[in-house]
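Participant: Predicted model, plus sequence, below.
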Amino acid sequence: MLEGLTGPEDVRALPAGDLPALAEEIRQLLIESVPRTGGHFGPNLGVVELTIALHRVFESPRDAIVWDTGHQAYVHKLLTGRRDGFPTLRSAGGLSGYPSRAESTHDLVENSHASTALSYADGLTRAFALRGEPDRAVVAVVGDGALTGGMCWEALNNIGGAPQRPLVVVLNDNGRSYSPTVGSLAGHLTDLRRRGAPESVFEQLGLAYLGPVDGHDIAAVQAALQQARSLGHAVVVHCVTIKGKGCPAAENDEVDCLHAVSPPAPTSGRSWTAVLGDELAAVARERTDVVALTAAMLHPTGLHRFAAEFPDRVFDVGIAEQHAVTTAAGLAMGGLHPVVCVYATFLNRAFDQVLMDVALHDLPVTFVLDRAGVTGSDGPSHNGMWDLSLLGVVPGMRVAAPRDAPRLRAQLREAIAHPGPAAVRFPKGPVGPDLPAIGRIGAADVLARNGCGGALIVAAGACARSAVAAAAELALCGQDVTVVDPGWLLPVDPALVRAADGYQLVLSVEENAGSGGFGDAVGRALHASGSRVAVRSISLGSQFLPHAGRDDLLCAHDLDVAGIARAARRAAWRGLVSA
């Protein structure tokens, strides 16, 4: 049946009696396909019937549908003509794992950072009214814990203040983000599900409320959505769903209902996240003042190890990075040492809090930035390629990038021992073998040396491994090259700057955007010192990166062995470095 659907108009044309079979066909396709491609599994199994009902009632793209977050949109993709491309999900040149404007007119917002849909919906309904199209409905599907984010409540405050517009909030209530939803809101939604609350918080804010509705009953959801549309008033339709519905392994997974799955791959050793989690738990055993925070990502950031031993010293604040950082500031003011563990991309959301709430007061807060650099298949919004640029403008901030597991353990401890703000960033994936030093230049470790005074490759963090391999290739050609790992990237070590002045070329290598990153900081420090050494940088550039494999994206930006060697050879060809 699914293969015959070319768009939502075909879904609307189906007899109601065919819909349960369509739902079953979609669910089986998800169960068979997503584990092969990798992607968000549990969330999409939970929205099959809800999505069918959405496209029965609303006429996308005239009616705007915004997903929050976009990882719930696989079924939407299947119902909007992308069935044939589904086997290419999250692969280079294939379908994105999130809504994509380049793929379809039915995809409006490419959102994978949570809690934004209600603000988009607020703006869209206002725009439609001002353009003389007040009959165009806007639907914001909010689920997987997104309602714990502060932006949702800022938007609800504004929507409730001007509710006379066709704005439908579909609350996909599965009780979870990764883990069960935290905070008092979870309790309120439970009361609503049990019909034990006299009035919903949404009604108190000025919106209408319909529900709760069984989110797996297509007819019931469709009826509720039709009623919501007919109101012409901002309304919340409360749909109760089961994350992982139809797959026992997902439904029964206590950690996250198989929130995300990866394609089969050979075992490649311990991950950076696992090393971090074990070491932070070890630090917590030694220091009772160390506490940890995360934004709905206890297991993905490795904090479950800490939480298992010290449950009263770990705080999961929900999808609320801004709140997490300022709570950490309060904990530090109260005499504790907080460690905030987030994906690097999500620190972007809390930059003002890092700057004004932590750094302005020179508070001892440690930021652990997982997934720094290229993440790959999750697409542009998940690459952690802006944190160095942002943190580089924060007064007093120190930033470390470990190259291997021993350096991660040591730098985490140094960060926690530091009396002010500090960050430790590391990439996605396996940590790899230890990479020993053969000498020192200031605080930097020398990792490879062939000659002295030619090219100095300053490799940030895990880039050091490729830089050392590239140096070995260059040495075979007789090129003078030295590789160092600065360990602490920011601020730039003055001793490294002085030593760099003795080389013909300084080549920085980093997994970060080019503008404002580590290479920029090195260049500025050399210029300020009066050095005239040639400086070049290899980085991720200044564009959003497409979804693709991590290794493919690193190769495309010369951040692999061949690319680093090629950059050094180009410098030799141009006369910047003696062969």
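Facilitator: Happy to help now that I have it.
Participant: ok, so what distance separates residue 5 from residue 87?
Facilitator: 17 Å (CB to CB, to the nearest Å). Using the backbone N, CA and C atoms, a C-beta is placed for each residue, glycine as well.
Participant: So which of the two has more stuff around it?
Facilitator: residue 5 (19 against 13; other CB atoms under 10 Å).
Participant: residue ranges for the strands of the stretch 201-350 of the chain, please.
Facilitator: For the stretch 201-350 of the chain, the strands defined by DSSP state E, counting those that start in this stretch cover 208-214, 235-240, 260-261, 290-294, 314-316, 337-343.
Participant: and for the last one, what are the contacting residues?
Facilitator: Taking contacts as CB atoms under 8 Å, 6 or more residues apart in numbering, the residues outside strand 337-343 that touch it are 276, 280, 287, 289-295, 297, 300-303, 321, 324-325, 327-328, 331-332, 350, 364-371, 382, 384, 416.
Participant: one step back: rank the strands of the stretch 201-350 of the chain by pLDDT, which is bottom?
Facilitator: The minimum mean pLDDT among the strands of the stretch 201-350 of the chain belongs to strand 260-261 (a mean of 93).
Participant: Tell me the pLDDT of the spatially closest residue to residue 480 that is not a sequence neighbour.
Facilitator: Nearest non-adjacent residue to residue 480, counting by CB to CB, 6 or more residues apart in numbering: residue 454, 2.6 Å away. Listed pLDDT for residue 454 reads 94.
Participant: now swap in residue 573 and tell me
Facilitator: 68.
Participant: same thing with residue 83?
Facilitator: 95.
Participant: How about residue 3?
Facilitator: For residue 3, the predicted pLDDT is 88.
Participant: Likewise for residue 362?
Facilitator: So, for residue 362, pLDDT stands at 98.
Participant: and what of residue 578?
Facilitator: pLDDT, residue 578: 56.
Participant: how deep is residue 239 tucked in, by neighbour count?
Facilitator: Neighbours around residue 239, by other CB under 10 Å: 29.
Participant: how close does it get to residue 168?
Facilitator: Taking CB to CB, one finds residue 239 at 11 Å from residue 168.
Participant: So residue 537 is in contact with residue 508, correct?
Facilitator: Yes: counting by CB atoms under 8 Å, residue 537 does reach residue 508; the two are 4.7 Å apart.
Participant: Mutual contacts of these two, please.
Facilitator: 519, 522, 523.
Participant: The second one reaches residue 493, doesn't it?
Facilitator: Think residue 522. No: Residue 522 is beyond contact range of residue 493, at 9.9 Å (criterion: CB under 8 Å).
Participant: who's more crowded, the two?
Facilitator: residue 522 (25 against 21).
Participant: Surely that one is in a helix?
Facilitator: Yes: the assignment for residue 522, made by DSSP: H, G, I helix; E, B strand; the rest coil, places it in a helix.
Participant: quick one: contacts for the nearest residue to it once chain neighbours are set aside?
Facilitator: Excluding the flanking residues, the one nearest residue 522 by CB to CB, 6+ apart is residue 508, at 5.1 Å. Applying CB under 8 Å, 6+ apart to residue 508 gives the contacts 457-460, 518-519, 522-523, 535-539.
Participant: Tell me the secondary structure of residue 508, please.
Facilitator: Quick answer, by three-state DSSP: residue 508 is strand.
Participant: can you give me the strands for the stretch 451-579 of the chain?
Facilitator: Under DSSP E, counting those that start in this stretch, the stretch 451-579 of the chain gives strands at 455-459, 481-485, 488-490, 505-509, 534-538.
Participant: Please identify the most buried of the ones you listed.
Facilitator: Stretch with highest mean neighbour count among the strands of the stretch 451-579 of the chain: strand 455-459 (a mean of 29; mean count of other CB atoms under 10 Å).
Participant: what's that strand packed up against?
Facilitator: helix 463-476, strand 481-485, helix 494-500, strand 505-509, helix 561-573 (3 or more CB pairs under 8 Å, 6 or more residues apart in numbering; DSSP states H and E).
Participant: and among the ones you listed, the most buried is which?
Facilitator: The most buried one of these (mean count of other CB under 10 Å) is strand 481-485, showing a mean of 28.
Participant: which neighbours does that strand have in its sheet, and in what orientation?
Facilitator: Pairing partners of strand 481-485, with direction, according to DSSP bridges: strand 444-450 (antiparallel), strand 455-459 (parallel).
Participant: mean confidence for it?
Facilitator: Per-residue scores along strand 481-485 average to 97.
Participant: what does stretch 503-515 give?
Facilitator: Stretch 503-515 carries an average pLDDT of 96.
Participant: Next: stretch 387-398.
Facilitator: Averaged over stretch 387-398, pLDDT sits at 98.
Participant: so how far does it reach from one end to the other?
Facilitator: The first and last residues of stretch 387-398 sit 12 Å apart, counting by CA to CA, to the nearest Å.
Participant: Of all the residues in it, which ones are buried?
Facilitator: 387, 388, 389, 390, 391, 392, 394, 396, 397, 398 (16 or more other CB atoms under 10 Å).
Participant: where's the fourth one, which helix or strand?
Facilitator: When elements are assigned from DSSP states H and E, residue 390 belongs to helix 387-391.
Participant: helices or strands up against that helix?
Facilitator: Checked by 3+ CB pairs under 8 Å, 6+ apart, helix 387-391 has helix 344-347, strand 422-425, strand 488-490 packed alongside it.
Participant: Please state the offset of it from the chain centre?
Facilitator: Centroid separation for helix 387-391 versus its chain: 15 Å, with CA atoms, centre = their mean, to the nearest Å.
Participant: Next secondary structure element downstream of that helix?
Facilitator: Next element after helix 387-391 (DSSP H and E): strand 398-400.
Participant: Residue 274 versus the residue nearest the centre of the chain, what's the distance?
Facilitator: Most central in the chain under CA atoms, centre = their mean is residue 382, positioned 3.9 Å from the mean C-alpha point. Separation of residue 382 from residue 274 (CB to CB) stands at 20 Å.
Participant: Name all residues that make contact with the closest residue to residue 512 other than its chain neighbours.
Facilitator: Distances taken as CB to CB, 6+ apart put residue 388 closest to residue 512, at 4.2 Å, once the chain neighbours are dropped. Contacts here follow CB under 8 Å, 6+ apart; on that basis residue 388 touches 399, 425, 489, 490, 510, 512, 513, 516, 517, 518.
Participant: what do you get if the cut-off is 10 Å, keeping everything else the same?
Facilitator: 344, 369, 372-373, 399, 401, 423, 425, 460-461, 489-490, 510-513, 516-521, 539 (CB atoms under 10 Å, 6 or more residues apart in numbering).
Participant: for residue 109, same thing?
Facilitator: 64-70, 73, 98-99, 101, 116-117, 120-121, 124, 140.
Participant: same deal with residue 317?
Facilitator: 148-149, 182-183, 293-296, 323-325, 327-328, 340.
Participant: with those in mind, which one is nearest to residue 253?
Facilitator: Minimum distance to residue 253 across those is 16.4 Å, recorded for residue 296 (CB to CB).
Participant: ok, the closest one touching residue 186?
Facilitator: No: the pair residue 296 / residue 186 is not scored as a contact, 11.6 Å apart, by CB atoms under 10 Å.
Participant: Now the common contact residues for the two.
Facilitator: Among the neighbours of residue 296, those also in contact with residue 186 (CB under 10 Å, 6+ apart) are 145, 148, 176, 318.
Participant: Count the residues that sit near the first one.
Facilitator: For residue 145, the count of nearby residues is 28 (other CB under 10 Å).
Participant: Retrieve the pLDDT associated with it.
Facilitator: 85.
Participant: Provide a list of residue ranges in the stretch 101-250 of the chain with pLDDT below threshold.
Facilitator: Counting by pLDDT under 70, the ranges of the stretch 101-250 of the chain that qualify are 177-178.
Participant: Okay, helices next: where are they in it?
Facilitator: 117-130, 150-161, 184-193, 201-204, 218-231, 248-251 (DSSP state H, counting those that start in this stretch).
Participant: Send over the last one as CSV, restricted to the C-alpha atoms.
Facilitator: I take that to be helix 248-251. Extracted in CSV, the C-alpha atoms of helix 248-251 (Å, rounded to 0.1, in the frame of the first residue of the first chain):
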residue,chain,number,x,y,z
PRO,A,248,9.2,-5.4,22.0
ALA,A,249,12.9,-4.8,22.2
ALA,A,250,12.3,-1.1,22.0
GLU,A,251,9.2,-0.9,24.2
